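*Asks:* Make a model of this:
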Amino acid sequence: MKISNETKIGALTAIAITILILGFNFLKGKTFFGTTHTYYAKYTNVQGLAPSNPIMINGLQVGTVYSITTDKNMKQILVNFTLTKDVNIPVNSFATIKNNPLGTTNVEIRLGDATQYYKVNDTIPTETSAGILDAAVQEIRPVLGQVKNAIKSLDSVLTGVASVVDPSAKNNIHSILDHLNKTTAGLAESSASLQTLLNTQTGALAKSLNNVSSFTGNLASNNEKLNSVMTNLDKTTTNLSQLDLEKTLTTLNGTITELKSTIGKLNSNNGTAGLLLNDTRLYNNLSATANKLNLLLDDLKTNPKRYISFSVFGKKNKSQALNMPLPDTVNAPYTHQ
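*Replies:* Numbers count the residues shown, from 1 in each chain. Now for the predicted structure:
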């Protein structure tokens, strides 16, 4: 069977019209191979929103604007948008139009925290969002107020300066500038001195830091010795704390008391030791005994035959004994009473 050209042209025209309708609806957000969810929102100003503009939730596109309708009074504009994703929208959510001068205007659904959700074909409440220029104006308005206050202050300052800069005050200003020059010169000299002080090679501060570094290095190298000394000191203090110091002091006090008693007895005439130290009769008796002993030794030295006889037939020496010691005694002086 042969198909005429007219039939082919008609079939192609029908197919093209069908594809055009399907593509137009696809661009508007209608899909024919998946499930879509339709919602509505009412605005007084859509800020350039158009069909096929995206619907955003948390930065993710979940649908597109399908249609925008209004009445003759233009009081309310009804926006019909379809969601291609199955999203739960809490009942306290809002649909806000975001105007972007550099991009496409979109609808952003700000999700709430309710546990109940909108159903398909429900109308979502809307919020009025300020445009970028409005937000910029809101941000700039406080700055403009501050600038205005600053201009007023500057005007007051300039008025004061104009009243100060008169012929009588110029000399004072020149004097102030001269002092300021001297001050800056002094600061330059001070900075040079400070630079010399802070020199990393020859500065006094560098030398001091080197000495400190050397000292800390010695401490680090002798760390074990210091630990040993501290350990011995800790042991010594522990041993001292364990001593019964009160008992030792009590014993020492008793010993001192007994020593005082003994010294008191020695200073008195009671007892043998006290008599030996304080009674002069013993000294006199000892002196007399020493005198007699010296006299006996001198007599023995002068007349030995009176005490020892070496002659068998000789006769005994009957010479008179000494009554005074000899004067040749040097190392043993006599005591005369």
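
*Asks:* Pull the number of nearby residues for Leu49.
*Replies:* By the criterion of other C-beta atoms under 10 Å, Leu49 has 20 neighbours. For glycine as for every other residue, the C-beta is placed from the backbone atoms N, C-alpha and C.

*Asks:* mind checking the SS state of it?
*Replies:* coil (DSSP: H, G, I helix; E, B strand; the rest coil).

*Asks:* which phi and psi does it have?
*Replies:* Per-residue torsions, Leu49: phi -70, psi 140 (degrees, to the nearest 10).

*Asks:* And Leu300, by the same measure?
*Replies:* Dihedral angles (degrees, to the nearest 10) for Leu300: phi -60, psi -40.

*Asks:* Can you name the residues bridging to Thr126?
*Replies:* Beta-bridge pairing for Thr126 (DSSP bridges): Ala95.

*Asks:* Looks like it contacts Ala95 (just checking).
*Replies:* Yes - using C-beta atoms under 8 Å, Thr126 is in contact with Ala95, at 5.1 Å.

*Asks:* Counting neighbours, go ahead and name the busier of those two.
*Replies:* Ala95 (22 against 16).

*Asks:* how near is the more buried one to Leu102?
*Replies:* Applying C-beta to C-beta, to the nearest Å, the value for Ala95 to Leu102 is 22 Å.

*Asks:* swap in Gln47?
*Replies:* For Gln47 relative to Leu102 (C-beta to C-beta), the value is 14 Å.

*Asks:* Of those two, give the one with the bigger neighbour count.
*Replies:* A count of neighbours by other C-beta under 10 Å puts Gln47 above the other of Gln47 and Leu102, at 14 against 5.

*Asks:* I'd say that one and Ile97 touch.
*Replies:* Yes - the pair Gln47 / Ile97 is scored as a contact, 5.1 Å apart, by C-beta under 8 Å.

*Asks:* Which neighbours do the two have in common?
*Replies:* Jointly contacting Gln47 and Ile97 under the rule C-beta atoms under 8 Å, 6 or more residues apart in numbering are Thr105.

*Asks:* Which secondary structure element is home to Lys42?
*Replies:* Using DSSP states H and E, Lys42 sits in strand 37-43.

*Asks:* Could the C-alpha coordinates of that strand be exported in CSV?
*Replies:* What follows is strand 37-43 as a C-alpha-only set of coordinates in CSV (Å, rounded to 0.1, in the frame of the first residue of the first chain):
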residue,chain,number,x,y,z
HIS,A,37,2.5,17.7,43.2
THR,A,38,0.7,21.0,42.7
TYR,A,39,0.6,23.8,45.3
TYR,A,40,-0.5,27.4,45.2
ALA,A,41,0.8,30.7,46.7
LYS,A,42,-0.7,34.2,46.6
TYR,A,43,1.4,37.4,46.3
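
*Asks:* Now do that strand: everything it contacts.
*Replies:* Residues outside strand 37-43 that contact it (C-beta under 8 Å, 6+ apart): 49, 63, 66, 76-83, 86-87, 89, 95, 97, 107, 118, 120-126.

*Asks:* Among the residues you listed, name the ones in strands.
*Replies:* 63, 66, 77-83, 95, 97, 107, 126 (DSSP state E).

*Asks:* Now for those: which two are most distant?
*Replies:* Farthest-apart pair in the ones in strands among the contacts of strand 37-43 is Ile77 and Leu83; separation 19.5 Å (C-beta to C-beta).
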